[in-house]
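Peer 1: Model the structure of this input:
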Amino acid sequence: MREILGVCLVSGGGGPPEAANVLLDDEGRVSQIEPAPAEPGRYLIPPLVDLHLDVLRERRRPRATVELGIPETLLDLDAECTGAGIGTVCVAARFEEEPAKGIRLEEAVAVCRAVQTLAPVLLADWRVHARVEVTDEGVVESLTEALQSTDRVSLVSAMEHSFEKSRFATTAEHRRFYAEDWGVSEEEVDTMMARKRTIGRSKELRRAQVAGLALSQGIALASHDDASAEEVDRAIRLGATVCEFPLTMQAALHARSAGMTTVLGAPNALRGKSTSPGNLLVADAVEAGACGALCSDYLPHSMLGALFALHSRRAAPLSRIVEMLSGSPAAVIGAGRPWIRVGDLLDGVLVETSSGLPVVAAIWRTGRLRMARGVAAPVPSESVASGL
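Peer 2: Residues are numbered from 1 along each chain as shown. All right, here's what the predicted structure looks like:
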């Protein structure tokens, strides 16, 4: 496809949308962007950049008695993410030792190695988000091993899932959610939390060590589930530049004022609620200027869904929402700002909304068409009215 006709073009960098035809040369380079009427519901935007995709464990176990391999699961997720308009994926590797949850430290290292091996053949640009549970022994050693085995770790987050630092308002809510999420009894959750409390006495040392490893490698460091300005300040002192899933508006605004990138979940925006009752709503954070980037969390297609949900609500201009899904997260990991400009090889996602849902009609990376659906056929620009 060398002509992309009749689109609402959001080129990136915060520029306003424009109705246009986008023409490509034989190499997939943008040769011309010309004003033209846009077909309603037809958009061309930069590829999305996902800082946090944490579904690998669940996708590897489609049945209670079945466990798929990491490489095979990554191949499936690659197709799903590309079909959702995501050009860069930071898949979560869980540096945590909790056999009762089916999570082992060696699997985190295996994820890093699999991404390193498969990266050249995957459709999207796959990176690793190392999610390190500082309450667990062995995480620093495993992270060190992983960093020696791959150069694709682009984000490290220091996490603490304990009763003392919970995203839930009460211990009862914490127990109930994780019992359902992990498929264990509430009594087993108590046992796990008690073990974390015992071995987690050195958690602050581990937190500092994890931060040191990330910064020594030039990898972005994120805090996790900050509930207050004080927790944000502690993360900043460790060198964190990303505040992931702040729980309160106070924490999110404080992080933004300190120059951090706040990352919130696109499913929250799409569903209009958090999985934790009472926590910060994405739409409110966007309206308040407290959200810097959105991630898929556990649902790849939620990023496009969030784009149009937030736009429908008028939480922010379309160009700003696109930046939260593309340019801003790309800057966090130094991936280069996605932009659609004359002279550049096309990095773009053609989106159709005529079905009532945002559907990726086509996606290009570095000038190459990576995926296309039938609805990607060009629309003659003279036959339609402006959709802006």
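
Peer 1: and the chain, what are its domains?
Peer 2: Using automatic domain parsing, the domain ranges for the chain come out as 3-46+339-383, 48-332.

Peer 1: Using JSON lines, please lay out those together with mean neighbour count.
Peer 2: To be clear about C-beta, it is placed using only N, CA and C from the backbone, and glycine gets the same treatment. Formatted as JSON lines, the domains of the chain follow (neighbours: other CB atoms under 10 Å):
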{"stretch": "domain 3-46+339-383", "mean neighbour count": "18"}
{"stretch": "domain 48-332", "mean neighbour count": "20"}
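
Peer 1: Redo these as a markdown table? Include mean pLDDT.
Peer 2: Output for the domains of the chain, formatted as a markdown table (pLDDT from 0 to 100):
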| stretch | mean pLDDT |
| --- | --- |
| domain 3-46+339-383 | 90 |
| domain 48-332 | 91 |
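
Peer 1: nearest spatial neighbour of Leu122, skipping sequence neighbours?
Peer 2: Asp78 (4.6 Å; CB to CB, 6 or more residues apart in numbering).

Peer 1: Could you pull up the contacting residues of that neighbour?
Peer 2: Val89, Leu118, Leu122, Leu123, Ala124, Trp126 (CB atoms under 8 Å, 6 or more residues apart in numbering).

Peer 1: Which secondary structure state is assigned to it?
Peer 2: helix (DSSP: H, G, I helix; E, B strand; the rest coil).

Peer 1: From Asp136, how far off is it?
Peer 2: According to CB to CB, to the nearest Å, Asp78 and Asp136 sit 29 Å apart.

Peer 1: Check Ser312 too.
Peer 2: According to CB to CB, Ser312 and Asp136 sit 42 Å apart.

Peer 1: and what of Gln148?
Peer 2: From Gln148 over to Asp136 (counting by CB to CB), the distance is 20 Å.

Peer 1: What of Glu204?
Peer 2: In terms of CB to CB, Glu204 sits 14 Å off from Asp136.

Peer 1: cool, Gly278 as well?
Peer 2: Taken as CB to CB, the span from Gly278 to Asp136 is 27 Å.

Peer 1: Ok, Lys273 next?
Peer 2: Taking CB to CB, one finds Lys273 at 30 Å from Asp136.

Peer 1: Repeat that for Ser154.
Peer 2: The value you get for Ser154 to Asp136, if CB to CB is used, is 22 Å.

Peer 1: Thr82 looks like it's in a strand, true?
Peer 2: No - going by three-state DSSP, the assignment for Thr82 is helix, not a strand.

Peer 1: So in terms of bridging, what pairs with the closest residue to Glu96 other than its chain neighbours?
Peer 2: Leaving aside its sequence neighbours, Glu96 sits nearest to Glu133 (CB to CB, 6+ apart; 4.0 Å). Per DSSP bridges, the residues bridged to Glu133 are Met159.

Peer 1: From here on, call the first residue 23.
Peer 2: Will do, 23 is the new start, and the previous item becomes Glu155.

Peer 1: which residues does Glu155 contact?
Peer 2: By CB under 8 Å, 6+ apart, the contact set of Glu155 is Arg116, Phe117, Glu118, Glu119, Val161, Met181, Glu182, His183.

Peer 1: let's see it at 10 Å
Peer 2: 116-120, 125, 127, 130, 161, 179-184, 218, 222, 225, 228, 232, 246 (CB atoms under 10 Å, 6 or more residues apart in numbering).

Peer 1: what separates stretch 362-376 from the chain centre, distance-wise?
Peer 2: Relative to the chain's own centre, stretch 362-376 is displaced by 20 Å; criterion: CA atoms, centre = their mean, to the nearest Å.

Peer 1: what's the span of it from first residue to last?
Peer 2: For stretch 362-376, the first and last residues are 23 Å from each other (CA to CA, to the nearest Å).

Peer 1: quick one, helices of this structure?
Peer 2: Here the chain has its helices, by DSSP state H, at 78-82, 92-105, 127-140, 161-171, 193-204, 208-221, 225-238, 251-260, 271-279, 288-293, 304-309, 324-335, 340-347, 349-354.

Peer 1: and Cys30, which of those is closest to it?
Peer 2: helix 340-347 (8.1 Å; CB to CB).

Peer 1: what's the distance between that closest one and the middle of its chain?
Peer 2: Using CA atoms, centre = their mean, the offset of helix 340-347 from its chain centre is 14 Å.

Peer 1: cool, and stretch 125-141?
Peer 2: On CA atoms, centre = their mean, the centre of stretch 125-141 falls 18 Å from that of its chain.
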